[in-house]
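A.B. asks: pasted the sequence and its predicted model underneath.
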Amino acid sequence: MQRPVLVVFPHPDDEAFGVSGSISKFTNQGIPVTYICMTLGEMGRNMGKPTFATRESLPHIRRSELEEACRLAGIKDLRRFGLRDKTVEFEDQEQLADRVLEVIKELDPQLIITFYPGYSVHPDHDACGAAVIRAARKLPEKERPVINCIAFAHNTIEDLGEPDVKRDVSDVIDQKLSVLQAHRSQTEAMVQAMKEQIDAKDPEVMGRFITEKFWTYKW
Amino acid sequence: MKPIQQQDVQRELETFMNQDVYLHLETTNGAYASHFNEKFFSAGAYIRNGLVRFSRGQITGEGPYRIGLKMDLGWIYAEGLTDWELTDNGQLLLAGHDHDGKLAVALELSHEPF
């Protein structure tokens, strides 16, 4: 059995955009993937197009979407941390890091994927990435798993340079699209537009969608 | 949810008057607003399960609608409301969806905690 990959994100669908191709490639090769999803995206603004969700029904809808997305991406181990959307940064950061550390110790992952703290735009993204880094820092440096981070703030390239991991996911593009589509309340309109651009081989969309880019965290 | 019918909402608002009720109130322009448009000043606030009591509840406007709830010592206010729903467990949900259908404001009342 190969050592697992651990994916840590705050919202259902965070795994879909920039990582579900990589996840699919791992699970297709038999590498188990564990996904810590910290919230249910309860405060999302997208309610479907046309709207079918309410503020109160959204968490239930997003929970089933998340479970379906995991099934499609081959994720068999989903851990929901039960925090509330938009509040991750206000939680006790030490306790949150300890919860993540517990999972890291249990799984001994070969790789962790999360957001790059400070370069991920949404406060929950930054707090989530920071909790993972804080957790891994508690381990002696040579025992820390490799951490690949997603980053998309405008100053990312300027500050961090080019991403050092670029994974071509064109062979699993249909699987990736299906994962995105599983998050129907959030992605319906976007996936439709994207499909057309992919069919037309729009270079910008192809570059963004078919190549998944990560920055390895430097200690 | 369905488009607000002012009289229906007014009638439901009145069933929450003069008793302790739970409030969810939120405005948001999304966490990405300033990312997509650096000139945009992103702001928002929410309160969940605020325990409140109001003696007057009024919906006004011609769509999008406004609601004011008058408390002993203050007010609760929301504007931009477009849609509403009364859930099976008696929660009154009101939301304002923008031109793309995204939620911009929510005002909700419940007899039990959300």
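C.D. replies: Nice, I can see it. Numbering: from 1, shown residues only, chains lettered A, B, ... in the order given.

A.B. asks: and B:Gly101, what does it touch?
C.D. replies: Neighbouring residues of B:Gly101 by C-beta atoms under 8 Å, 6 or more residues apart in numbering or on different chains: A:Asn46, A:Met47, A:Gly48, A:Lys49, A:Pro50, A:Thr51. All C-beta spots, glycine's among them, are computed from the backbone N, C-alpha and C.

A.B. asks: tell me the phi and psi of residue 52?
C.D. replies: Using chain A. Main-chain torsions, A:Phe52, degrees, to the nearest 10: phi -130, psi -10.

A.B. asks: my bad, the chain I had in mind was chain B
C.D. replies: Torsion angles at B:Val52 (phi, psi; degrees, to the nearest 10) stand at phi -130, psi 170.

A.B. asks: what is the burial count for it?
C.D. replies: B:Val52: 17 surrounding residues under other C-beta atoms under 10 Å in any protein chain shown.

A.B. asks: now do the helices in chain B.
C.D. replies: Ranges of helices in chain B, per DSSP state H, are B:6-14, B:33-36.

A.B. asks: surely A:Ala97 touches A:Gly129?
C.D. replies: No - counting by C-beta atoms under 8 Å, A:Ala97 does not reach A:Gly129; the two are 11.3 Å apart.

A.B. asks: more neighbours, these two?
C.D. replies: Neighbour count, other C-beta under 10 Å: between A:Ala97 and A:Gly129, A:Gly129 has more, with 25 against 20.

A.B. asks: would the more buried one count as being in a helix?
C.D. replies: Yes - counting by DSSP: H, G, I helix; E, B strand; the rest coil, A:Gly129 is part of a helix.

A.B. asks: got the contact list for it?
C.D. replies: Applying C-beta under 8 Å, 6+ apart, we find A:Gly129 in contact with A:Thr114, A:Phe115, A:Tyr116, A:Pro117, A:Gly118, A:Ser120, A:Cys149.

A.B. asks: before we move on, the earlier item: do you know which of the helices of chain B lies nearest chain A?
C.D. replies: helix B:33-36 (4.9 Å; C-beta to the nearest C-beta).

A.B. asks: one step back: which two of the contacts of A:Gly129 have the greatest separation?
C.D. replies: Spatial extent of those (C-beta to C-beta) is set by the pair A:Thr114 and A:Gly118 at 12.5 Å.

A.B. asks: of the two, which one has the most company?
C.D. replies: A:Thr114 (30 against 17).

A.B. asks: in what helix or strand does the more buried one lie?
C.D. replies: Secondary structure assignment for A:Thr114, by DSSP states H and E: strand A:111-115.

A.B. asks: and chain B, is that strand touching that?
C.D. replies: No - shown here: strand A:111-115 not in contact with chain B (C-beta under 8 Å from any C-beta of the partner chain), separated by at least 12.6 Å.

A.B. asks: chain A contacts on chain B?
C.D. replies: Near chain A, when you scan chain B using C-beta under 8 Å from any C-beta, you find B:1, B:24, B:26, B:28, B:30-32, B:35, B:38, B:46, B:83, B:85, B:87, B:91, B:93, B:95, B:97, B:100-104, B:106, B:108, B:114.

A.B. asks: which of those residues are buried? Put it as a ChimeraX command.
C.D. replies: Only the buried entries of the residues of chain B next to chain A go into this ChimeraX selection, using 16 or more other C-beta atoms under 10 Å in any protein chain shown:
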select /B:1,24,26,28,30,31,83,85,91,93,95,97,101,102,103,104,106,108
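
A.B. asks: buried residues, the strand holding A:Thr114. List them.
C.D. replies: Residues A:Leu111, A:Ile112, A:Ile113, A:Thr114, A:Phe115 are the ones in strand A:111-115 that count as buried (16+ other C-beta under 10 Å).

A.B. asks: same check, this time on stretch A:31-50
C.D. replies: A:31-49.

A.B. asks: helices - which of those residues land there?
C.D. replies: Using DSSP H, none of those sit in helices.

A.B. asks: among those residues, which are located in strands?
C.D. replies: Judged by DSSP state E, the buried residues of stretch A:31-50 include A:Val33, A:Thr34, A:Tyr35, A:Ile36, A:Cys37 as members of strands.

A.B. asks: now for A:Gly44: which residues touch it?
C.D. replies: For A:Gly44, the contact set (C-beta under 8 Å, 6+ apart) comprises A:His11, A:Leu58, A:Arg62, A:Asp85, A:Ser185, A:Gln186, B:Leu103.

A.B. asks: let's have the residues you listed in TSV, adding pLDDT, secondary structure and distance to A:Met206.
C.D. replies: Output for those, formatted as TSV (pLDDT from 0 to 100; DSSP: H, G, I helix; E, B strand; the rest coil; distance: C-beta to C-beta, whole Å):
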residue	pLDDT	secondary structure	distance to A:Met206
A:His11	98	coil	25
A:Leu58	97	helix	31
A:Arg62	98	helix	28
A:Asp85	95	coil	31
A:Ser185	94	helix	26
A:Gln186	93	helix	22
B:Leu103	96	strand	31
